[in-house]
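In: A structural model of the following input is requested.
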Amino acid sequence: MKAVILAAGSARRLSPLTDTKHKCLIEIGQKPILEHQLDALDFYGVKDALIVVGYLKEQIISKYGNQYKGIHLQYIENPLYASTNTVYSLMLAGEYFRGNDFLYFNADVVFHRELLGRLIRSEKSTALGVEVNKCGEEEVKVIVDKTHRILRIGKKLPPDECLGEFVGIAKFSAELTVDFISSLKTVVEEGDRMSFFERAVDLILEKHPMCYEDISDVPVIEIDFPEDLEKARTIILPKILAFDKKYLVIVKPISVLFNVQHLYYLPQFLPVAKAMKTHGEFDIFFSATVDSPMTDYFLIKRFLLNEGWQIIDAENEAERRRKILSRQFDITLFGKSTHAGDYCSENTLAALLYHGIGVKSCYYTDYDPRIDVRYVEGDYRVREFEKRNMKTQIVATGFPKLDTLFDQEEINKATGNLKFDNNHPIVLYAPTFYPSSIEPFSEEIGELTKSLNLIVKLHHFSWTLPKYRHQKNLFLQLADEYENLRLLPVESFNVVPYFSVTDVLMTEASSTAFEFLATGKPVVICDFLHLRWKHRLFNRQFRRERMDEEIIRQLDFAIHVQRPEDVESAIIQTLDSRHEYCESYQQKCNDFLGIIDGQASRRVVEDLLSRMESRR
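Out: Residues are numbered from 1 along each chain as shown. As a prediction, this is how the structure comes out:
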């Protein structure tokens, strides 16, 4: 059996989205529409497919070439795509399907593969997928008899006499192909090149019996308008992902482990875990590294138990590793890839959700080939990883940590008890632990910022590592001395909820600076840093080995301050001219954060589900 996919049209009704991108390459759940169809063909063992191309043909051909998984692909061009319709495109494919059973697809249909399976399994040699419902004028409709035979097909049929809508996917018998090709040519030669191919089908219904298969229970949508695209992503795709569970087979839950090395991994992990929990197909576990500093371990464990998550606990790291491996998790997610292979069974899907956007070079050098897929924020990171020729698959999903910006419940929980002087701006000071601006500020930060509402969010290591605890102690003292200063406790490990109440972020060259881009609010970078004597002596080497200089250069959207005493004036300046400093934010957001819509976690989950489905 062969397949014919019509993908020649320009989809003007989806402009401007389709002005530069072919409609069949628009992604639904991290996968182009066409790829959904090809995956269904591959699942049912169809080995040959022809794609009729026209508009932006190079995009399709260059993406898929002559082979997709187990399918050999061929192409034929409709050079008249702008002035013809499906009857002409299918006529061009006539010699390809002549004398063969073949499957027909409109390239803009998203569906669960059961639709295709139902047609292939049908006892009828020719069967069209029909959704039984009340139709309007726009749909291609069918009139049928009691034996499931189709009597008429077309758009202009009286809706009240029609059973339902032909969804654009069908199985045709080899026996009718000669007459079908002739009928297609007849319609074209009569000058009706703008007809739909169903006109040619209608002409041979009397000679060649065709039946319908009721696919009303199968998730499917044809994408013609922007509202169809929105429906496909928000309604149809979740139904497709849930279809196996509800209709086909009872599948055991997918077991997932979030391997938590540090408390600050949780802001990236938790939105994904919540998305999995909402989906309902996952059995979710967390496990914290039983290693120094033990403060991390106890904080992580306490939080997770309080929130009702399942955990894998142990007395020591060796025991924890044995427990994890004995469970043979389907998926394990890491915040850092080092030693990933030690915590994955042979068949575990290993995924990396890096804990920060990162200005350090380890963002790229943290590489373990055992990681199967790494989720990154936006196109800039994808391009950078492509330069490095890593084996791990890179998928841009957006940054799950930022989904909290759209979670009002989490924001209220974090900020509800904070009280401010409404006459003064709110500044969020989020220093890193090293190299830091805390030491140059010293206790003078209290006086230098007393005209501001100051929220201080220290790095986790400032609380837990002995050599940085002087930073915590400094601000515990200042919080008692200055009413305008609010020191967030160590349990407030996620900085993102505080973005919503903040007017200006003050930090160093850090991940937080890029994360704050999502708000469109100004950023002040403290370039005055405390360095250990050896790093002052070998400053260039230190920066080269530890910092990503290209990322540092990308911080040009912020105001940079060289001295602590200039901070207050810089903050006032940013507030007075915030629009000037925010002009470059959008492109930076696209590059470093990707899509900011509160759905990054969902995209991660959808991609993981797709990968698990392909493994079954």
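
In: quick check: which ranges of this protein have low pLDDT?
Out: Low-confidence segments of the chain, defined by pLDDT under 70: 244-251, 292-295, 358-364, 535-551, 578-584, 616.

In: and stretch 277-291, what's buried?
Out: Neighbour-count burial for stretch 277-291 flags 279, 281-282, 284-290 (criterion: 16 or more other C-beta atoms under 10 Å). C-betas here are computed from N, CA, C, even on glycine.

In: where's Phe285, which helix or strand?
Out: Using DSSP states H and E, Phe285 maps to strand 282-288.

In: tell me the strands beside that strand, with direction?
Out: With DSSP bridges as the test, strand 282-288 is paired with strand 254-260 (parallel), strand 310-311 (parallel).

In: out of these, deepest packed?
Out: Sort those by mean neighbour count, taking mean count of other C-beta atoms under 10 Å, and strand 254-260 sits at the top with a mean of 23.

In: what comes into contact with that strand?
Out: Strand 254-260 has contacts (C-beta atoms under 8 Å, 6 or more residues apart in numbering) with 265-266, 269, 272-273, 276, 281-289, 300, 312, 324, 327-335, 343, 608-609, 612.

In: ok, and what's touching the very next helix or strand once past it?
Out: Remark: after strand 254-260, the chain's next helix or strand is helix 266-279, criterion DSSP H and E. Residues outside helix 266-279 that contact it (C-beta under 8 Å, 6+ apart) are 238, 241-242, 256, 258, 260, 282, 284, 286, 300, 303, 309, 333, 335, 353-356, 399-401, 403-404, 407, 493-496, 600-602, 604-605, 609.

In: helix 266-279: how far from the chain's middle?
Out: How far helix 266-279 lies from its chain's middle: 13 Å, per C-alpha atoms, centre = their mean, to the nearest Å.

In: any idea how far apart the tips of stretch 125-137 sit?
Out: 29 Å (C-alpha to C-alpha, to the nearest Å).

In: residues making contact with that stretch?
Out: Stretch 125-137 is contacted from outside by 101, 115, 118-119, 141-142, 144, 150, 153, 155, 159, 162-173, 175-176, 208-216, 220, using C-beta under 8 Å, 6+ apart.

In: got the contact list for Ala242?
Out: 279-281.

In: Gly416: which of these is nearest?
Out: Nearest to Gly416, judged by C-beta to C-beta, of the contacts of Ala242 is His279 at 28.7 Å.

In: among the contacts of stretch 125-137, which ones are buried?
Out: Neighbour-count burial within the contacts of stretch 125-137 applies to 101, 115, 118-119, 141-142, 144, 150, 153, 155, 162-173, 176, 208-213, 215, 220; the criterion is 16+ other C-beta under 10 Å.

In: so which of the residues you listed are in helices?
Out: Among the buried ones among the contacts of stretch 125-137, the members found in helices (DSSP state H) are 115, 118-119.

In: filter the contacts of strand 254-260 down to the buried ones.
Out: Among these, those scoring as buried are 265-266, 269, 272-273, 276, 281-282, 284-289, 300, 312, 324, 327, 329-335, 343, 608-609, 612 (criterion: 16+ other C-beta under 10 Å).

In: now the ones in helices among the buried ones among the contacts of stretch 125-137 in CSV, with distance to Gln477?
Out: What follows is those, written out as CSV (distance: C-beta to C-beta, whole Å):
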residue, distance to Gln477
Leu115, 67
Arg118, 71
Leu119, 73
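
In: ok, so of the residues you listed, who is nearest Tyr375?
Out: Nearest to Tyr375 out of these is Leu115 (C-beta to C-beta; 29.6 Å).

In: where do the strands of the stretch 301-450 of the chain begin and end?
Out: Here the stretch 301-450 of the chain has its strands, by DSSP state E, counting those that start in this stretch, at 310-311, 331-334, 349-353, 373-376, 393-396, 426-429.

In: got these as a markdown table, with distance to Asp19 columns?
Out: Below are the strands of the stretch 301-450 of the chain laid out as a markdown table (distance: least, C-beta to C-beta, whole Å):
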| stretch | distance to Asp19 |
| --- | --- |
| strand 310-311 | 48 |
| strand 331-334 | 37 |
| strand 349-353 | 33 |
| strand 373-376 | 27 |
| strand 393-396 | 21 |
| strand 426-429 | 40 |
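
In: return the most buried member of those strands.
Out: strand 331-334 (a mean of 25).

In: so which of the strands of the stretch 301-450 of the chain is nearest Ile552?
Out: When the strands of the stretch 301-450 of the chain are ranked by proximity to Ile552 (C-beta to C-beta), strand 373-376 comes first, at 18.8 Å.

In: note down every partner strand of the closest one and its orientation.
Out: strand 349-353 (parallel), strand 393-396 (parallel).

In: in the chain, where's the longest helix?
Out: The chain, longest helix under DSSP H: helix 600-615.

In: got the contact list for Cys526?
Out: By C-beta under 8 Å, 6+ apart, the residues touching Cys526 are 431, 437, 440-441, 506-508, 561, 564, 567.

In: if we can go back for a sec, as CSV, the strands paired with strand 373-376 with distance to Ala479 would be great.
Out: Converted to CSV, the strands paired with strand 373-376 look like this (distance: least, C-beta to C-beta, whole Å):
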stretch, distance to Ala479
strand 349-353, 33
strand 393-396, 40
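
In: quick one: closest of the ones you listed to Ala82.
Out: strand 393-396 (32.4 Å).

In: hang on, Ser492 in a helix?
Out: No: when DSSP: H, G, I helix; E, B strand; the rest coil is applied, Ser492 is found to be coil, with no helix at that position.

In: surely it touches Leu458?
Out: No: using C-beta atoms under 8 Å, Ser492 is not in contact with Leu458, being 9.6 Å away.

In: neighbour count winner among these two?
Out: Leu458 (24 against 15; other C-beta atoms under 10 Å).

In: and the more buried one, how far is that from Phe433?
Out: 8 Å (C-beta to C-beta, to the nearest Å).

In: so what sits against both of those two?
Out: Gln471.

In: about what we covered before: distance to Met390 added to the buried residues of stretch 277-291, as CSV?
Out: Compiled in CSV, the buried residues of stretch 277-291 are given as follows (distance: C-beta to C-beta, whole Å):
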residue, distance to Met390
His279, 29
Glu281, 29
Phe282, 27
Ile284, 28
Phe285, 28
Phe286, 27
Ser287, 26
Ala288, 28
Thr289, 25
Val290, 30
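
In: so which of these comes closest to Asp366?
Out: Thr289 (15.7 Å).

In: OK, contacts around the closest one?
Out: Counting by C-beta under 8 Å, 6+ apart, Thr289 has contacts 259-262, 296-297, 317, 320.

In: quick check: longest strand of the protein.
Out: strand 164-172 (DSSP state E).
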